[in-house]
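S.K.: sequence and predicted structure below; questions after.
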Amino acid sequence: MAQPTAAAPDLYYDPYSIELNMDPYAVFARIREEAPLYYNEQHDFYALSRYDDVNAAVIDHETFISGRGAVLEIIKSGMEIPPGTLIFEDPPIHNIHRNLLSRMFTPRKVLALEPQIREFTARCLDPLIGSQRFDFVNDLGEQMPMRVIGMLLGIPEDRQRQITEHGEETLQGERLEGLATGEVFAEFIDWRADHPSDDIMTDLLNAEFEDETGTRRKLRRDELLLYLTVIATAGSETTTRLIGWAGKTLADHPDQRRALVQDYALIPQAIEEILRWEPPALQIARYVTRDVEYYGQTVPQGSAMLMLVGAANRDHRRFAPDGDVFDIFREPRAHMSFGAGTHFCMGNALARLEGRIALEEILKRFPEWEVDWPNAVPSETAAVRGWAAMPTLLP
């Protein structure tokens with residue numbers, strides 16, 4: 001069996017380094033060219049970085065499975081994954097659960113939220129008009145996604161902060177047992193059972209499906225609690241990060257920001273380019289079920305494989321002529337920020353809608369800004385990278 005050839009000694013990617021993950025692109029560019037199959041001896045994982053390799057591997061859910069975790073430290077820990085944790089499941093059980101949830105994220109339900117999202121965004125931004133400062137994360141990015149999930153689920157506004165905090169702890173791996181029970185949602189389920197409404201909570205309470213044993217049934221309480229936790233966690237943190245990166249990226253590219261102010265029709269493609277350029281999740285981790293060969297080297301069964309989304313998204317082979325250039329006028333091509341295949345992000349339309357509304361409403365009020373760098377704070381979460389504070393100075 002061919003052993004991994006060592007990359008140049010100075011070529012090192014540490015996925016746990018918060019500092020490196022805030023700007024990993026010089027390292028990613030070298031990995032793509034010098035070590036398209038990268039092996040990290042210290043943390044014992046392999047990594048793919050070229051777009052075609054990453055895309056194909058993410059889609060190949062039989063070779064690269066999620067059932068042992070989709071985050072490197074969970075795979076390496078060998079811990080038991082609680083059943084029903086959608087992002088840590090494989091087909092066929094994943095398909096059953098995903099199909100059930102996808103009924104909830106219909107285009108009708110997502111688009112119906114636009115007036116409410118816009119109204120909430122305006123409520124966040126209007127008090128700041130005339131001030132000298134606006135923080136993309138603390139003034140909007142943190143609140144908006146959780147409120148939107150609350151609108152979908154039918155959770156009262158005053159309780160949504162509690163769920164946001166629970167979700168952040170879950171993402172940081174501090175509370176997987178809390179995620180397993182989802183008790184944070186228990187009282188809302190009981191209340192909705194007695195007070196049905198047109199929301200996901202009510203839909204999930206009443207949905208019938210055929211489970212893996214062929215039995216037609218409704219969701220058990222523990223399953224429902226877990227689903228709601230997965231929806232809330234996956235749906236809030238990543239969109240918060242997107243809004244923070246939008247603030248930084250458009251400050252760095254004022255000409256393109258000016259183009260958006262002059263033509264809001266460009267905003268959807270700007271959101272795609274921000275997602276490609278600064279993906280909230282830099283990598284997707286998988287467990288390798290069989291020996292597989294890349295570039296003349298064997299990745300042994302039982303290995304952990306990182307698909308480097310942040311590297312794939314800037315691969316010049318796909319995003320010509322230069323993937324390291326931010327360009328909202330770039331010819332649109334699918335990126336990897338929402339994943340691919342069976343685990344393609346179910347909430348992608350919702351995230352895009354939130355990003356579009358956020359940018360429209362911000363640019364309407366604040367067409368120009370500069371980052372207040374002394375007060376900008378990187379997030380301490382390695383799994384979903386971005387800004388805990390992205391304060392800007394307004395002219």
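M.R.: Nice, I can see it. What you see is a predicted model; the values in this text were computed from it and never measured. Residues are numbered from 1 along each chain as shown.
S.K.: Asp14 touches His43, doesn't it?
M.R.: Yes. The criterion here is CB atoms under 8 Å, and Asp14 meets it with His43 at 7.4 Å. Every residue, glycine included, has its C-beta placed from N, CA and C.
S.K.: got the end-to-end distance for stretch 248-256?
M.R.: When the termini of stretch 248-256 are compared using CA to CA, to the nearest Å, they are 13 Å apart.
S.K.: and for it, what are the contacting residues?
M.R.: Residues outside stretch 248-256 that contact it (CB atoms under 8 Å, 6 or more residues apart in numbering) are 136, 257, 260, 270, 274, 277-278, 326-328, 368-371, 376, 387, 390, 392.
S.K.: pretty sure Tyr287 belongs to a strand, no?
M.R.: Yes. Judged by DSSP: H, G, I helix; E, B strand; the rest coil, Tyr287 forms part of a strand.
S.K.: how about the helices in the stretch 101-250 of the chain?
M.R.: Per DSSP state H, counting those that start in this stretch, the stretch 101-250 of the chain carries helices over the ranges 107-112, 114-125, 143-153, 160-171, 176-181, 186-194, 200-206, 221-252.
S.K.: can you check which of these gets nearest to Arg32?
M.R.: helix 221-252 (21.1 Å; CB to CB).
S.K.: so which helix or strand of the protein has the lowest pLDDT on average?
M.R.: helix 176-181 (a mean of 44; mean pLDDT, DSSP states H and E).
S.K.: who's in contact with the closest residue to Arg314 other than its chain neighbours?
M.R.: Leaving aside its chain neighbours, Arg314 sits nearest to Gly323 (3.7 Å; criterion: CB to CB, 6 or more residues apart in numbering). Contact analysis of Gly323 by CB under 8 Å, 6+ apart lists 313-316.
S.K.: relative to Asp372, how far out is the most centrally placed residue in the chain?
M.R.: Nearest residue to the geometric centre of the chain (CA atoms, centre = their mean): Thr238, 4.1 Å. Note on Thr238: its distance to Asp372, by CB to CB, to the nearest Å, is 24 Å.
S.K.: please apply the same query to Gly214.
M.R.: Distance of Gly214 to Asp372, given as CB to CB: 58 Å.
S.K.: burial count for Tyr12?
M.R.: As a burial measure, Tyr12 scores 16 neighbours (other CB atoms under 10 Å).
S.K.: that one falls within a strand, correct?
M.R.: No. The assignment for Tyr12 (three-state DSSP) gives coil, which keeps it out of a strand.
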